[in-house]
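**Student:** I need the structure of the sequence given here:
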Amino acid sequence: METSKETTAAAPKMDLIIYNSMTQQKELFTPIVPGKVGMYVCGVTAYDLSHLGHARAAISFYILYS
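**Tutor:** Next up, the predicted model:
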């Protein structure tokens, strides 16, 4: 069985550019430890009725993770 070049070729390199709210600029993301990225996401502090905004942090970090 032969494999096509499409399935064996390496994926093209894609850069991740993220907005840095501290510098107010878009910047190229580079991990501190090459090849490894860690993320910490706080949970919601629900002090009132639930709303869609409570899911914002989880959804935005899930998108970055994917």
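
**Student:** can you tell me what sits against the lengthiest helix in the chain?
**Tutor:** The longest helix of the chain (DSSP state H) is helix 56-65. Helix 56-65 is contacted from outside by 39, 41-42, 44, using C-beta atoms under 8 Å, 6 or more residues apart in numbering. In this view, the C-beta of every residue, glycine as well, is placed from N, C-alpha and C.

**Student:** give me that answer again for 6 Å
**Tutor:** The contact list for helix 56-65, computed with C-beta atoms under 6 Å, 6 or more residues apart in numbering, reads Val41.

**Student:** state the mean pLDDT of it.
**Tutor:** On average, the pLDDT along helix 56-65 is 82.

**Student:** buried residues in that helix?
**Tutor:** Applying a neighbour-count criterion of 16 or more other C-beta atoms under 10 Å, helix 56-65 contains no buried positions.

**Student:** what sits closest to Ile17 if chain neighbours are left out?
**Tutor:** Lys26 (5.2 Å; C-beta to C-beta, 6 or more residues apart in numbering).

**Student:** quick check: beta-bridge partners of that neighbour?
**Tutor:** Beta bridges link Lys26 to Tyr19 when assigned by DSSP bridges.

**Student:** that one contacts Asp15, correct?
**Tutor:** No: under the criterion of C-beta atoms under 6 Å, Lys26 is not in contact with Asp15, lying 11.0 Å apart.

**Student:** list of residues touching stretch 38-49?
**Tutor:** Counting by C-beta under 6 Å, 6+ apart, the neighbours of stretch 38-49 from elsewhere in the structure are 54, 57, 61.
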